[in-house]
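Enquirer: have a look at this fold, sequence not included:
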């Protein structure tokens, strides 16, 4: 998560005037429109986005909304007929195989696995969003302050960041999970989020370091803008690409972190379930009832994959050097129009 | 009770106790750290860590090396064929691998690569449908690497499909998976094929000297097959293998050296790599010979899912003992490799693409340099520089972070030590593992910076 593996894709060196093509594609569009257009042209990213929206609505409507503590519960029942806490009579076959009534099968003590998986997805999604939000927020603030002010502030904050980075996040997570796991899922998510910001902070700091040397910042300062105004009105909008892209990638990292911790037993504690703890609980049943193992795993992969694709699409969209990928088929057509433009 | 208070320094206030701990732990800089004793058994923490580190290093080294080699190879291929089918497939694959939870992969590997494979070994015949599907799939993968017209791709697919089909059929008929061996002919055929392939990549088949140097190395290697077979008996040891390795390096270097006078680099590279692969095949053949006794010793379940070695293995044979280590390490290594592979693939692809768009590459092409030299000598070397940083981070990360893999596969390395420490609230043990992991991470980063500045003269550490 900390390392930005996927560096910007470079533009394929095609001969011809690059700015010429840029003008045709983006003529008369605002920055936001260009980014939106590029993002929606990135098919995997759009598929990922649609999947995430549909999946989130599906999960939350199926299992209902559960808020509050054990004493003051606030729940809205979902459309699925069973709750993850219902003890049901065992199904037709001993191994709890999937039936029309229980599409994902049943676990050995009779509970409906579909309800359990939905509940687990709900919790995993919630933890993911909380970690991503907190990590993104703290990372942006830390990076912005440290990059903008520089000097001793920068030195102190970045050494602190390095200090946290040296210990692998899963180890920190395990210690946190062991100590606050019994406080409930939300507390766990918050505490994990408090340690998830390091990679983002470094990226944002780098962005701020280079942006604060630019002329428009000098111009703003000469015009009498305060530090706060320069940060929020001048630099932050210019680094929003980096922030959004890395927060997206942080999200996919967090779901893997949370499910991994829950798998080890340090994350979400019983009676709550997460996709990771479901895998941990039923990995032994693989031989007899493999569906108990497959469903949560496939869902984790699908969630992480869609988010990664969204991140890739966003990166391409925010990168001004990135043009839309040219397919082989259209290549000839493209080059001929470009030639026409260049001749003009 | 009083004694316990005394030994644990419970009469000292906690902040001061921390400095007591720190003063001993800082011994790490003079090579004598003391992290105290574990909570229950009162064993020195440092001994526990010293026992765990070699396990982790064994696991991490092999996995990282494999991931680097495979990742760079496929990343370079992907970059050179940008926007091709292969590139899209590899990109999708890397995204998929990024999204895989390692614990899930590990359980799947256990199920399909160990349990099912062991079941298969009980009756190692491949049925016809299975053979067709597997060959077709493998042929699709091979054909994916070929560029060019549809006809060429189709021919490659057909040839590989037939080859794999026949090989699977022969393996099934001869029960090869139960009694595997390559034999001198197998080693020779594989060696020649590898050598020609290497020559094609590194020097081009028109460079006859490279081809012949490679083939000579293969020839010497094949001639050494029987002498090595006799020398390497059950009382072989690591120093003997090491001296063989030195011999292989020296001989193959001289073969390459003698074959040409100008532009020795590619020729020597081809010759040395050919020799390396022949040595690898010979070694593999030797392990295959140990497979039959090992199969019996392991009660017909040779691929192991738990632990790092078989405690009750009843054998003094060097090859059987090492085969045992191999069958234990293969699954966790596969899991770790799959996960880090994606990172190297994406990174080397992006890095090479960036370098390929540089002006000096255009210059090299413009002055009429062959494309192979442009890629290998100008682009690749510069593109691979930033990987040193990634490698350092990766190694540092896995040393402390293989906690999931180690717990699934029952290895007693740093990860499971940390796991145990957290479970049993053992603060000394936990702080010990944290400190060592962090120390290694810092050292790895420092080493990366130093290596980087040596490799890349443009970067100088500020005086």
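Expert: Looks like it arrived, so ask away. Since we're looking at a predicted model, the values are computed, not measured. Numbering: from 1, shown residues only, chains lettered A, B, ... in the order given.
Enquirer: near chain A, which residues of the stretch 51-200 of chain B?
Expert: B:82-83, B:95-96, B:98-104, B:107-108, B:111, B:115 (Cβ under 8 Å from any Cβ of the partner chain). Heads up, the C-betas are built off the backbone N, CA and C, glycines and all.
Enquirer: can you map out the helices along the stretch 101-250 of chain A?
Expert: A:113-149, A:151-165, A:169-180, A:185-193, A:198-211, A:215-222, A:227-229, A:240-264 (DSSP state H, counting those that start in this stretch).
Enquirer: just want the angle from the fourth one to helix A:240-264.
Expert: Spelled out, that is helix A:185-193. 120 degrees (axes from the mean of the first three to the mean of the last three Cα atoms, to 10 degrees).
Enquirer: quick check, distance from helix A:185-193 to the centre of its chain.
Expert: The gap between where helix A:185-193 is centred and where its chain is centred comes out at 16 Å by Cα atoms, centre = their mean, to the nearest Å.
Enquirer: what mean pLDDT does it get?
Expert: Taken as a whole, helix A:185-193 has a mean pLDDT of 89.
Enquirer: in that helix, what's buried?
Expert: A:185, A:188, A:189, A:190, A:191, A:192, A:193 (16 or more other Cβ atoms under 10 Å in any protein chain shown).
Enquirer: residue 293: which element?
Expert: All of this refers to chain A. Assessed by DSSP states H and E, residue A:293 sits inside helix A:291-318.
Enquirer: wrong one, chain B
Expert: Applying DSSP H and E, one finds residue B:293 within helix B:264-297.
Enquirer: name the helices or strands packed onto that helix?
Expert: Where contact means 3 or more Cβ pairs under 8 Å, 6 or more residues apart in numbering or on different chains; DSSP states H and E, helix B:264-297 is packed against helix B:183-202, helix B:208-223, helix B:225-231, helix B:238-259, helix B:318-356.
Enquirer: and the average pLDDT for stretch B:123-141 is what?
Expert: Per-residue scores along stretch B:123-141 average to 82.
Enquirer: report the contact partners of the residue most central in space within chain A.
Expert: With distances taken as Cα atoms, centre = their mean, residue A:251 lies nearest the centre of chain A, 2.3 Å away. Residue A:251 is in contact with A:128, A:129, A:131, A:132, A:307, counting by Cβ atoms under 8 Å, 6 or more residues apart in numbering or on different chains.
Enquirer: show me the contacts for the third one.
Expert: Put plainly, it is residue A:131. Counted by Cβ under 8 Å, 6+ apart, residue A:131 has contacts A:189, A:192, A:193, A:196, A:250, A:251, A:254, A:257, A:258.
Enquirer: ok, back up a step: dump the helices of the stretch 101-250 of chain A to JSON lines, plus distance to residue A:107.
Expert: As requested, those are exported to JSON lines (distance: least, Cβ to Cβ, whole Å):
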{"stretch": "helix A:113-149", "distance to residue A:107": "6"}
{"stretch": "helix A:151-165", "distance to residue A:107": "38"}
{"stretch": "helix A:169-180", "distance to residue A:107": "23"}
{"stretch": "helix A:185-193", "distance to residue A:107": "20"}
{"stretch": "helix A:198-211", "distance to residue A:107": "37"}
{"stretch": "helix A:215-222", "distance to residue A:107": "59"}
{"stretch": "helix A:227-229", "distance to residue A:107": "55"}
{"stretch": "helix A:240-264", "distance to residue A:107": "16"}
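Enquirer: select, out of those, the one closest to residue B:422.
Expert: In terms of Cβ to Cβ, the element of the helices of the stretch 101-250 of chain A nearest to residue B:422 is helix A:169-180, at 4.9 Å.
Enquirer: helices and strands around that closest one, which ones?
Expert: Packed next to helix A:169-180, using 3+ Cβ pairs under 8 Å, 6+ apart, are helix A:185-193, helix A:240-264, helix B:387-401, helix B:403-409, helix B:414-423, helix B:427-455.
Enquirer: pull the residues that contact that helix.
Expert: Contacts of helix A:169-180 (Cβ under 8 Å, 6+ apart): A:1-2, A:164, A:187-188, A:191-192, A:195-196, A:257, A:260-261, A:264, A:266-267, B:400-401, B:403-404, B:418-419, B:422-423, B:430, B:433-434, B:437.
Enquirer: swap in 7 Å and give it another go.
Expert: A:1, A:187-188, A:191-192, A:195, A:257, A:260-261, A:264, A:266-267, B:400-401, B:403, B:418, B:422, B:434, B:437 (Cβ atoms under 7 Å, 6 or more residues apart in numbering or on different chains).
Enquirer: for chain B, give me its nearest residue in the stretch 201-344 of chain A.
Expert: For the stretch 201-344 of chain A, the residue closest to chain B is residue A:304, as judged by Cβ to the nearest Cβ, at 3.4 Å.
Enquirer: about what we covered before: out of the helices and strands packed on helix A:169-180, nearest to residue B:51?
Expert: Using Cβ to Cβ, the nearest of those to residue B:51 is helix B:414-423, at 8.8 Å.
Enquirer: near chain A, which residues of the stretch 201-350 of chain B are found?
Expert: B:343, B:346, B:347, B:350 (Cβ under 7 Å from any Cβ of the partner chain).
Enquirer: for chain A, what are the nearby residues on the stretch 351-463 of chain B?
Expert: Listed as neighbours of chain A in the stretch 351-463 of chain B under the rule Cβ under 7 Å from any Cβ: B:351, B:353-354, B:357, B:390, B:393, B:397, B:400-401, B:403-404, B:407, B:418-419, B:422, B:434, B:437-438, B:441-442.
Enquirer: what about the closest residue to residue B:318 other than its chain neighbours, neighbour count?
Expert: Spatial nearest neighbour of residue B:318, chain neighbours left out: residue B:236 (4.5 Å); criterion: Cβ to Cβ, 6 or more residues apart in numbering or on different chains. Residue B:236 has 16 neighbouring residues, counting by other Cβ atoms under 10 Å in any protein chain shown.
Enquirer: top of the residues of the stretch 51-200 of chain B next to chain A by number of neighbours, please.
Expert: Within these, neighbour counts (other Cβ under 10 Å) peak at residue B:104, which reaches 27 neighbours.
Enquirer: need the contact list for the closest residue to it other than its chain neighbours.
Expert: Leaving out its chain neighbours, the residue that sits closest to residue B:104 by Cβ to Cβ, 6+ apart is residue A:297, at 4.1 Å. Counting by Cβ under 7 Å, 6+ apart, residue A:297 touches A:279, B:101, B:104.
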